[in-house]
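Trainee: I would like the atomic coordinates for the input below:
(chains A and B)
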There are 2 protein chains.
Amino acid sequence: MSAPRWPRLTVVSPGLIGGSVARGVRARRLAREVVVVARHEAAIRVALDAGAADVGTTDLAAGVAGASLVVLCAPVGALPGLIRAAWPHLAPGAVLTDAGSVKRSVVDAASGCPARAGVSFVGGHPMAGSERSGFEASAADLFDGRLALLTPTPDTPESAVLAATALWEGLGSTVRRLSAEAHDHLVGQISHLPHLAAYALVSAADGDALPLAGRGFIDTTRIAASAEALWGDIFRENRGPLLDALARYEAVLGRWRELVARGDWTTLEAELGRAREVREKLA
Amino acid sequence: MSAPRWPRLTVVSPGLIGGSVARGVRARRLAREVVVVARHEAAIRVALDAGAADVGTTDLAAGVAGASLVVLCAPVGALPGLIRAAWPHLAPGAVLTDAGSVKRSVVDAASGCPARAGVSFVGGHPMAGSERSGFEASAADLFDGRLALLTPTPDTPESAVLAATALWEGLGSTVRRLSAEAHDHLVGQISHLPHLAAYALVSAADGDALPLAGRGFIDTTRIAASAEALWGDIFRENRGPLLDALARYEAVLGRWRELVARGDWTTLEAELGRAREVREKLA
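Mentor: A predicted model of the protein is given here:
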């Protein structure tokens, strides 16, 4: 689809994700005006200097006023508060969306806001990122070729879903819709648990072992270089599904430990082979 | 150091590692003649057609005869048998080495061979590889910039260690010496466990979750695309140290599960932060 050109698009919190949204929107001319909202003047200056936005403000109410699309890109724990704070100031016809890694808590916060005619929210999560964080790691093409997940509820107007779809497709992503519950369950397995597992691999290794690390360890633990504050936040917000995913993981490891301990290499190799086949199908 | 030029160097089992040794030795002119020994004529033809060797044979005794350096690159479970089979046929002055991922079992097999004047063994392990396997995945520069570990015993002649050092340095690697026990303990943590953990992450994920995989999951589980026969073999040969590493990993995961369950985010973030700091120091 050909992307619309929004008169004004506001990005709240121009870090890795928000900065990349702002840069990408500018690079692809998806909006006539890009506004960034940040807590500190310094962050605004950096974004303006980089040409990622036309206007910047530390005032959330002023920053979202008049915007047709507002994208909240703050750490996931801050999103419910931002939704409630931005909500009364959104212009009629505005669509509010977010880029948080957990969706149940965010969607619930939006559902709890008083109905306002013509103002709508749809949860979003671009499956793109980096172990780096902050605006300096942002890139206009971060979302190119990636997946973006949207989590509308039965009450979400189709127009809001289409607006968020147009944003992510405009940035080069493929969009999929699923429920917030399914999102948190599946992303818990495919993203949150792997982060916890990677941090744990580093944590469990002797200091003496680390200098021996080859490419396997380097790749397997790349995401363990991610900012712990962001991931602690995600783990907290997705605690239930993360615990479910972790329990499944621990069950597999425990079963394989038994197979190694009793020397059942045939069964172990068969299980490793099934995982290898599944993994080979992913790019 | 400037690498010697061996009159004849023999590579047994020209797969990913052996093929890369043969190609690298040819590319860097480290030997006047490269011999490959494989079980099947087809594998020899492929290596000769690729210019990775001058001569090939399926006869181990003939292939190692007259070689000053013999590098065994077969799967680790096959190495003890190959050492015993090659030993009586080695030329006086020959150095036998290997590229196996586990060292205790290999070094023990060599120590069990009857002493032969001027014939010596030193265990080796290039910390280079790929999730791909077989000669078709081999590359002359696979070892360039990597680490190669050597595991001499107190009985290993220094001349043998220097010969193996010259090989790996000639192929672009940095060489470190450590005991076979230390090797198996540390490599169990830094390579074997991460492979098991990566296979387990894939195994624990729902089929529905896999299409949502982003770069984090892709990188974290790249090594789960590795051939299960090779890794089953490594896990079997390094069973004790692998079980120790797995127990440490399970202990970290279990402790973090408790922290998540009781909502102790401060302690969890502190532990994640320590892992992040350690990981950031690696490349």
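Trainee: give me the low-pLDDT residue ranges for the stretch 1-150 of chain A?
Mentor: A:1-4 (pLDDT under 70).
Trainee: Would you map the helices across it?
Mentor: Applying DSSP state H, counting those that start in this stretch to the stretch 1-150 of chain A gives helices spanning A:16-27, A:41-49, A:60-64, A:79-86, A:104-111.
Trainee: any idea which of these is most buried?
Mentor: Greatest average neighbour count among the helices of the stretch 1-150 of chain A goes to helix A:16-27 (a mean of 26), per mean count of other C-beta atoms under 10 Å in any protein chain shown. For glycine as for every other residue, the C-beta is placed from the backbone atoms N, C-alpha and C.
Trainee: Tell me, how many residues neighbour A:D141?
Mentor: Neighbours of A:D141 under the rule other C-beta atoms under 10 Å in any protein chain shown: 15.
Trainee: Could I get the contacting residues of it?
Mentor: The neighbourhood of A:D141, defined by C-beta atoms under 8 Å, 6 or more residues apart in numbering or on different chains, consists of A:G24, A:A27, A:G172.
Trainee: I'd guessed the second one sits against A:A140; true?
Mentor: Yes: in this structure A:A27 lies within contact range of A:A140 using C-beta atoms under 8 Å: 4.0 Å.
Trainee: Nearest spatial neighbour of the residue nearest the centre of chain A, chain-adjacent residues omitted?
Mentor: Central residue of chain A (C-alpha atoms, centre = their mean): A:S101, 3.9 Å from the mean position. Closest residue in space to A:S101, ignoring its immediate chain neighbours: A:I234 at 4.9 Å, by C-beta to C-beta, 6 or more residues apart in numbering or on different chains.
Trainee: One more: A:D108?
Mentor: In this structure, A:D108 finds its nearest non-sequential neighbour in A:P80, 7.6 Å apart by C-beta to C-beta, 6+ apart.
Trainee: hang on, isn't that neighbour packed against A:K103?
Mentor: No: contact criterion C-beta under 8 Å: A:P80 and A:K103 do not qualify, at 11.6 Å.
Trainee: Leaving out sequence neighbours, find the closest residue to A:E33.
Mentor: Distance criterion C-beta to C-beta, 6+ apart; nearest residue to A:E33, sequence neighbours excluded, is A:R8 at 4.5 Å.
Trainee: number of nearby residues for that neighbour?
Mentor: Neighbours of A:R8 (other C-beta under 10 Å): 20.
Trainee: any idea how far it is from A:V36?
Mentor: 12 Å (C-beta to C-beta, to the nearest Å).
Trainee: What count of nearby residues applies to the closest residue to A:R146 other than its chain neighbours?
Mentor: Leaving aside its sequence neighbours, A:R146 sits nearest to A:A128 (C-beta to C-beta, 6+ apart; 4.1 Å). Counted by other C-beta under 10 Å, the residues lying close to A:A128 total 25.
Trainee: cool, and A:E277?
Mentor: Residues contacting A:E277 under the criterion other C-beta under 10 Å number 12.
Trainee: quick one: which helix or strand includes it?
Mentor: Per DSSP states H and E, A:E277 falls inside helix A:265-281.
Trainee: and that helix, which residues are buried?
Mentor: Neighbour counts over helix A:265-281 (16 or more other C-beta atoms under 10 Å in any protein chain shown) mark A:W265, A:L268, A:E269, A:E271, A:L272, A:G273, A:A275, A:R276, A:V278, A:R279 as buried.
Trainee: Stretch A:227-239 too?
Mentor: For stretch A:227-239, the neighbour count (16+ other C-beta under 10 Å) marks A:A227, A:E228, A:L230, A:W231, A:G232, A:D233, A:I234, A:F235, A:R236, A:E237, A:N238, A:R239 as buried.
Trainee: Spell out which residues of the stretch 1-150 of chain A are next to chain B.
Mentor: Counting by C-beta under 8 Å from any C-beta of the partner chain, the residues of the stretch 1-150 of chain A close to chain B are A:M127, A:A128, A:G129, A:S130, A:R146, A:L147, A:L149.
Trainee: what's the closest of the residues you listed to chain B?
Mentor: Proximity of the residues of the stretch 1-150 of chain A next to chain B to chain B (C-beta to the nearest C-beta) peaks at A:M127, which lies at 4.0 Å.
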